[in-house]
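Participant: quick one, structure for this:
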Amino acid sequence: MALTINHFSIRTTDLEASRRFYADVLGLTVGPRPAFPFPGLWMYRGDHGDVANAVVHIIGIDRTEQAGLDNYLGERDETKLRGTGTIDHVAFFADGLSTMLDHLRSQGVEYRQRTVPSIGLHQVFLDDPNGCVIELNYAATEVAA
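Facilitator: Numbering: from 1, shown residues only. This next block holds a predicted model:
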């Protein structure tokens with residue numbers, strides 16, 4: 001059996017703030033999404049014709065009509081929907097470290113960096129508007145470039 005990561009989902013009370021983060025900071029684009037019985041967006045990293053490219057599913061919480069979401073995915077205590085819970089972070093491979101760091105600064109996004117020399121990896125950590133930790137992984141050789 002072969003497994004690969006398909007997507008991750010976040011629940012949010014601020015759909016627009018999440019859309020802006022994943023679009024403006026990470027460069028993902030809003031694409032097709034099935035007509036689920038709750039609000040949301042699928043954020044793609046490439047061709048919208050392939051749902052495998054919908055790497056982030058943003059689930060909107062409609063406080064006036066929660067039955068669709070609760071019946072489909074189950075109830076969640078909204079007060080516990082901050083941060084990453086038992087999941088520590090979600091990571092993406094990336095390239096263009098210096099361009100991304102300039103971009104993060106221009107967007108006013110705080111970030112943390114670490115290098116793991118033993119595996120040639122440079123990590124950039126940032127938080128989305130819901131407190132979900134995002135890790136961007138670059139080749140450590142990009143730090144020296």
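
Participant: name the nearest residue to residue 30, sequence neighbours excluded.
Facilitator: Excluding its sequence neighbours, the residue lying closest to residue 30 (CB to CB, 6 or more residues apart in numbering) is residue 41, at 5.3 Å. The way it works is simple: take the backbone N, C-alpha and C, and place the C-beta from them, glycine included.

Participant: and the helix or strand of the chain with the lowest mean pLDDT, how far from the chain's centre?
Facilitator: Across the helices and strands of the chain, mean pLDDT, DSSP states H and E gives its lowest value to helix 67-73, namely a mean of 77. Mean-position distance between helix 67-73 and its chain equals 22 Å (CA atoms, centre = their mean, to the nearest Å).

Participant: show me the contact partners of that helix.
Facilitator: 36-38, 59, 61-62 (CB atoms under 8 Å, 6 or more residues apart in numbering).

Participant: lowest pLDDT pick from the residues you listed?
Facilitator: When the contacts of helix 67-73 are compared by pLDDT, residue 62 scores lowest at 79.
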